[in-house]
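# pasting the structure only:
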């Protein structure tokens, strides 16, 4: 299992993912689930992946192959030269569909699930920051003012804080704190989600990453956020009125 979260606010995009994968309690490994793509001054894109690892790695390989081929043939369309972020989502969705058509039946015959999800977040010059959720079938939806964040994987533990905090006017700083608290809540409640974490921030109209970092288990700043949030929850609970008086 995994947990990935992506938020779109007026000031930009925030993406966070864990790195734990498991096929049983005795088979736990670490794999990166966050991948960034960049054309300086023109576009910055992040992919967050969840689900069957062979499917999502296959999608990433198809995207990387196209980018490499475009260096020799500019007519090859890729996520780094296409006309819009919507088209980026279409390209990723088409790659997902091809991987599912190629391998889904055999994967399921072997007793494993082939479902996968990918979040695509980014901005290109001339467009607005966009956030898409791509499903196994290759179809996708876009984040809106009413739904400014997406989650994939083990999402239920980290959703309450996002519901209460995230809105289009939320600052990029507060959105970053919210996704970190959301991840901390998930880490505390589900052993299938684990450190280290990958955090990416794309400010609006920067076409670049202001943050692109890995948060290890001994990260003091993340530990402080976790401890402060726990203390605030305990204090809030203690201040609730008694119901048996």
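Nice, I can see it. Since the structure is predicted, the reported quantities are computational estimates derived from the model, not experimental observations.
# switch to C-alpha atoms for all contacts and neighbour counts from now on
Fine.
# tell me the mean pLDDT for the longest helix that the chain contains?
In the chain, assigned by DSSP state H, the helix with the most residues is helix 85-109. If you average the pLDDT over helix 85-109, you get 97.
# same deal with stretch 42-52?
Average pLDDT, stretch 42-52: 97.
# do the same with stretch 170-187
The predicted model assigns stretch 170-187 a mean pLDDT of 98.
# List the contacts of it.
Contact partners of stretch 170-187, identified using CA atoms under 8 Å, 6 or more residues apart in numbering, comprise 3, 5-7, 9-16, 154-162, 165-166, 193-194, 201, 203, 222, 225-226, 229.
# mind listing what's buried in that stretch?
If you call a residue buried by 16 or more other CA atoms under 10 Å, then stretch 170-187 has these buried ones: 170, 172, 175-187.
# Three-state assignment for residue 185, please.
helix (DSSP: H, G, I helix; E, B strand; the rest coil).
# before we move on, what about residue 60?
Under the three-state scheme (three-state DSSP), residue 60 adopts helix.
# thinking again about what came up before, run the chain-centre distance for the longest helix of the chain.
Its chain's C-alpha centre and that of helix 85-109 lie 18 Å apart, by CA atoms, centre = their mean, to the nearest Å.
# Just list what that helix packs against, helices and strands only.
helix 53-70, strand 116-124, strand 130-134 (3 or more CA pairs under 8 Å, 6 or more residues apart in numbering; DSSP states H and E).
# Make TSV from the ones you listed and add mean neighbour count and distance to residue 110 to it.
TSV is the format used below for the helices and strands packed on helix 85-109 (neighbours: other CA atoms under 10 Å; distance: least, CA to CA, whole Å):
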stretch	mean neighbour count	distance to residue 110
helix 53-70	17	13
strand 116-124	27	16
strand 130-134	25	25
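# Among those, which comes closest to residue 94?
Closest approach to residue 94 among these (CA to CA): helix 53-70, 9.1 Å.
# Give me the angle between that closest one and helix 85-109.
Interaxial angle of helix 53-70 relative to helix 85-109 (axes from the mean of the first three to the mean of the last three CA atoms, to 10 degrees): 140 degrees.
# Please name every helix or strand in contact with helix 53-70.
Using 3+ CA pairs under 8 Å, 6+ apart as the contact definition, the elements that helix 53-70 packs against are helix 85-109, strand 116-124.
# Determine which of these approaches residue 30 most closely.
Using CA to CA, these put strand 116-124 closest to residue 30, at 17.3 Å.
# ok so, going back, JSON lines for the helices and strands packed on helix 85-109, including distance to residue 239?
Formatted as JSON lines, the helices and strands packed on helix 85-109 follow (distance: least, CA to CA, whole Å):
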{"stretch": "helix 53-70", "distance to residue 239": "45"}
{"stretch": "strand 116-124", "distance to residue 239": "39"}
{"stretch": "strand 130-134", "distance to residue 239": "38"}
